[in-house]
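# Provided below for reference: sequence and predicted model.
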Amino acid sequence: MIHHRRHVGGFTLTEVAVAIAVLIVIMTIALPQFTKMLMLRNEAATIEGLRTIVQACESWRSQGLAAGAPPSLAALAAAQPPYLDRRFQGASAGQPLFGYRWAYAAGRARQQAVGNINYAIQDRYAVRADPVQRGVTGQRSFYTDQTGVVRFELNGPAGPASTALEQAEN
């Protein structure tokens, strides 16, 4: 009597090798697109964050909470009611937010004459956001100040002379 053995489950080495090869091809195609999508998401969130900071600084100044610009992002987040989401407190302490490191600096006071009286006004500030790892968490660096214009650079830190985002989009 001849007994036939049935093959019970499992894959051959060839089938496993083909499956791995297909996965490698799919990952090779998908990973750069996924990274690009994450960078675009981080950049969009950072641009929105910069615009929110400009609005928060203007609200701070218009409410007369202090003379001019706020001293830090943390002050804007800690105010009652807060002008910024609490995540910006961490960002002002050097913790990444949206894949970017943020830096805020209040400007020096300037003299403004009103009639015969000179006033010291501190209404200037600058905010920079640089990718934690360029090409992975973001491509562009961003800058804004009291003008509200968001500027960017592709290969290094952005500043007041960098290309205006609105100009580049048109």
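Sure, I can see it. Residues are numbered from 1 along each chain as shown.
# going forward, measure contacts and count neighbours with C-alpha atoms only.
OK.
# where does pLDDT dip in this structure?
1-8, 64-67, 120, 168-170 (pLDDT under 70).
# which residue ranges form the helices in this structure?
For the chain, the helices defined by DSSP state H cover 13-62, 73-78, 87-92, 165-169.
# now the closest residue to residue 69 other than its chain neighbours. Its backbone dihedrals?
Using CA to CA, 6 or more residues apart in numbering and skipping the chain neighbours, the partner closest in space to residue 69 is residue 123 (4.7 Å). Dihedral pair for residue 123: phi -110, psi 10, per degrees, to the nearest 10.
# begin at 23 from now on, thanks
Yes, from this point I'll number from 23; that puts the last item at residue 145.
# let me see the contact set for residue 145.
83, 89-91, 128-129, 131, 168 (CA atoms under 8 Å, 6 or more residues apart in numbering).
# just the buried residues of the residues you listed.
83, 89-91, 128-129, 168 (16 or more other CA atoms under 10 Å).
# and the residue most central in space within the chain, how far is that from residue 95?
The chain has residue 68 as the residue nearest its centroid, 3.0 Å off, counting by CA atoms, centre = their mean. Residue 68 sits 14 Å away from residue 95, going by CA to CA, to the nearest Å.
# cool, residue 151 as well?
13 Å.
# ditto for residue 117
12 Å.
# of those two, who's got more company?
More crowded of residue 117 and residue 95, by other CA atoms under 10 Å: residue 95, with 28 against 15.
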